[in-house]
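>>> Could you look at this predicted model? Sequence included:
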Amino acid sequence: MRAGSACPDGTIAVIGGGASGVLVAAHLLRAARQPLDVVIVDSRAPLGAGVAYSTGDARHLVNSPSCEMSAFGDRPGDLIGWACAQGCEVARSDFVPRSLYGRYLSHVLAEARRQTNSASGLSWFREDVVALTRQSRPDGTAFVLGFAGGGHLDAGHVVIAVGPPSPRAPWSGDAELIGHPGLIEDPWEPRSLDRIGPKASVLLVGTGLTMVDVALTIAGGGTNERSLYARSRHGLLPLAHRTTPVEAWRGRLETAETARELVRAIRVEAEKIEFAGGDWRSVVATVRRQVPELWSALPVAEQRRLLRLGLRYWEVHRHRMAPAVDAALTRLRQGGRLDVGPGRLLALSARGAKLRAQIGRARGDEVLDVDVVVNCTGATGGYPGGSRLLGQLVRTGLATVDGLGLGLEVDEHGDLVGADGASDPGLHVVGWARRGQLLESTAIPEIRAQAERLARRLTGAHP
Ligand SMILES: Cc1cc2nc3c(=O)[nH]c(=O)nc-3n(C[C@H](O)[C@H](O)[C@H](O)COP(=O)(O)OP(=O)(O)OC[C@H]3O[C@@H](n4cnc5c(N)ncnc54)[C@H](O)[C@@H]3O)c2cc1C
């Protein structure tokens, strides 16, 4: 298959080569009964790494135990087996470095390519897709992908696996701050943290997992004297996993009609299990699997309320730190290197080479004069964000942003719903862009399940 080929039959284009795109491609190749051309389009290398697994910092660990991070739902030991074959002893409850996990995903793709039937194939175009259009062909509806570099690709099916929107710093609209050398808008930009001086004072805006990664990278080495302040509205840090696995909670929540009822029901079950000598984490693990059902049962106004009032609390309990990461962060805090607290960034202004941050707190504002401010708020931009492709899809009516701006409107199978309200059986969405529908759609277990289901559907393989 070539770019510009007029033969879309059997061609499935996967836009995005992060974990979602790679898992879709690998499951398609494994499930293929008929010859299938799978084409991944992404300018970013290596395939599989995306933002999450391209970190070279060995202190950055995955945030789930290795038995939950397999590429295969029915083979929880696959990652462990592969890691051991590489000479890394990994147990079920270990949290592997994210760079190792990125290599695992590359291996999964390479294996799927090796094992697929001989007439099927995989190609990778190192391009950004900037346009997607439908074209009518005598052999049925097909699509044309337009590349930033000018080429194009025809496909019979398209999988949109583009991940979250780019981070958008709270100060990005402030013209006076543009180009200030102390501002770091995207800490995942390669080498963006290198310019922080060894004695710098640093304000980290956000206290979630991105902040934890950044704090470990810039202060965790012990060879510098940087002082760090982390602030967010709630000042809540992600909680930690236990070092030993927790027993599963076998209960089930009834769907609720209001956000308040739902939050209360989760809290009651967590308290009951703690009272009985168990662990709240087991309730969170079970409820996580029920989230799409609980979420979709709420009216939109209540979903909005849940996002405003309850999401941050859910996230700190659900997206937890590996025990070793928690220990490293605690050392930084106890050593006086990292100060974490509540406070909303109200204003930021340049004071020569320094930056002055005004932080709103319940007991009076706080003023911090620092050398560097790093945006650690994560993917806060909302869809379609700055993506040329998503902007074009929405403009042309092929896609619509869901009512809460969390992702794209999809039907129950994850097929894209256009402005006319109809879903397109040739356009499929995997990962982050399904958050509006599922809420939990960003971590490997959820992405893996979506990829497996889609591959079975597109290849006609039995469930
Ligand atoms: C720092 C971090 C750590 C994480 N740690 C974990 C963890 O430990 N465990 C876990 O389960 N989850 C973790 N996650 C969640 C993470 O979202 C998923 O695990 C997974 O990496 C998401 O992959 P993705 O492919 O959907 O998105 P991404 O990794 O963002 O990949 C999307 C890809 O699409 C490409 N793309 C975007 N637009 C276009 C376009 N127009 N044309 C072509 N290509 C395009 C991008 O270049 C990118 O490579 C983490 C997330 C982050 C940010």
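Good, I have the coordinates.

>>> Using CSV, list the CA coordinates for stretch 96-104.
This file holds the C-alpha atoms of stretch 96-104, laid out as CSV (Å, rounded to 0.1, in the frame of the first residue of the first chain):
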residue,chain,number,x,y,z
VAL,A,96,7.9,-0.9,35.9
PRO,A,97,9.7,2.2,34.6
ARG,A,98,7.5,3.9,31.9
SER,A,99,10.4,3.8,29.4
LEU,A,100,10.4,0.0,29.7
TYR,A,101,6.7,-0.1,29.2
GLY,A,102,7.1,1.9,25.9
ARG,A,103,9.6,-0.7,24.7
TYR,A,104,7.1,-3.4,25.6
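
>>> Point out the residues in the stretch 101-250 of the chain that sit beside the ligand.
The interface of the stretch 101-250 of the chain toward the ligand, taken as C-beta under 6 Å from any ligand atom, is made up of 128-129, 161-164, 213. C-beta coordinates here come from the backbone N, C-alpha and C atoms, glycine included.

>>> Could you export these to CSV, including columns for secondary structure and pLDDT?
Written out in CSV, the entries for these read as follows (DSSP: H, G, I helix; E, B strand; the rest coil; pLDDT from 0 to 100):
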residue, secondary structure, pLDDT
Asp128, coil, 97
Val129, strand, 98
Ala161, coil, 98
Val162, coil, 96
Gly163, coil, 94
Pro164, coil, 92
Asp213, helix, 96
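
>>> Could you dump these into CSV and include neighbour count?
Formatted as CSV, the entries for these read as follows, by neighbours: other C-beta atoms under 10 Å:
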residue, neighbour count
Asp128, 18
Val129, 25
Ala161, 30
Val162, 28
Gly163, 23
Pro164, 22
Asp213, 23
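
>>> Which member of those residues is positioned nearest the ligand?
Sorting these by how near they are to the ligand, with C-beta to the nearest ligand atom, puts Gly163 at the top with 2.4 Å.

>>> which residues touch the closest one?
Remark: with contacts taken as C-beta atoms under 8 Å, 6 or more residues apart in numbering, Gly163 is in contact with 16, 18, 20, 50-51, 431-432.

>>> if you set the cut-off to 10 Å instead, what comes out?
Neighbour list for Gly163: 16-21, 42, 44, 50-52, 379, 387, 430-433, 442 [criterion: C-beta atoms under 10 Å, 6 or more residues apart in numbering].

>>> What of Ala265?
Going by C-beta under 10 Å, 6+ apart, the list of residues near Ala265 reads 253-256, 287, 294.

>>> repeat that with 7 Å
By C-beta atoms under 7 Å, 6 or more residues apart in numbering, the contact set of Ala265 is 253, 256.

>>> That one: helix or strand, and which one exactly?
Using DSSP states H and E, Ala265 sits in helix 259-275.

>>> now swap in Ser136 and tell me
Take DSSP H and E as the rule and Ser136 turns out to sit in strand 129-137.

>>> I'd like the distance from that strand to the chain centre, please.
Average the C-alpha atoms of strand 129-137, do the same for its chain, and the two points are 26 Å apart (C-alpha atoms, centre = their mean, to the nearest Å).

>>> what does stretch 164-171 give?
Between the centre of stretch 164-171 and the centre of its host chain there is 14 Å, according to C-alpha atoms, centre = their mean.

>>> residue ranges of the strands in the stretch 151-300 of the chain, please?
Using DSSP state E, counting those that start in this stretch, the strands found in the stretch 151-300 of the chain span residues 152-155, 157-160, 183-184, 201-205, 227-232.

>>> Let me know which of those is tucked in deepest.
Mean neighbour count (mean count of other C-beta atoms under 10 Å) peaks for strand 157-160 among those, with a mean of 27.

>>> tell me the mean pLDDT for that one?
With pLDDT averaged residue by residue, strand 157-160 scores 97.

>>> Give me the contact list for that strand.
Here strand 157-160 has contacts from 12-15, 24, 132, 143, 145, 416, 426-430, 433, 454, 458, using C-beta under 7 Å, 6+ apart.

>>> Out of the residues you listed, which sit inside strands?
12-15, 132, 143, 145, 416, 426-429 (DSSP state E).

>>> Give the PyMOL command for selecting the buried subset of the residues you listed.
In PyMOL syntax, the buried subset of these is picked out as below (16 or more other C-beta atoms under 10 Å):
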select buried, resi 12+13+14+15+132+143+145+416+426+427+428+429
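
>>> Looking at the ones in strands among the contacts of strand 157-160, which is nearest the ligand?
Taking C-beta to the nearest ligand atom as the measure, Ile15 is the one of the ones in strands among the contacts of strand 157-160 closest to the ligand, at 5.0 Å.

>>> Close to the ligand: what parts of the stretch 301-450 of the chain are there?
Taking C-beta under 6 Å from any ligand atom as the test, the list of the stretch 301-450 of the chain residues beside the ligand reads 387, 389, 431-432, 442-444.

>>> Same list, those, but as CSV with pLDDT, neighbour count and distance to Val283 please.
Converted to CSV, these look like this (pLDDT from 0 to 100; neighbours: other C-beta atoms under 10 Å; distance: C-beta to C-beta, whole Å):
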residue, pLDDT, neighbour count, distance to Val283
Ser387, 90, 19, 36
Leu389, 96, 21, 39
Gly431, 97, 29, 26
Trp432, 95, 22, 25
Thr442, 93, 20, 20
Ala443, 96, 19, 18
Ile444, 97, 22, 21
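
>>> Just the residues you listed: which are in helices?
389, 444 (DSSP state H).

>>> hang on, the earlier thing: tell me which strands and helices the strand holding Ser136 is in contact with?
strand 140-147, helix 388-395 (3 or more C-beta pairs under 7 Å, 6 or more residues apart in numbering; DSSP states H and E).

>>> List just the one of those that sits closest to Arg242.
Each of the helices and strands packed on strand 129-137 was scored for nearness to Arg242 using C-beta to C-beta, and the closest is helix 388-395 (38.8 Å).
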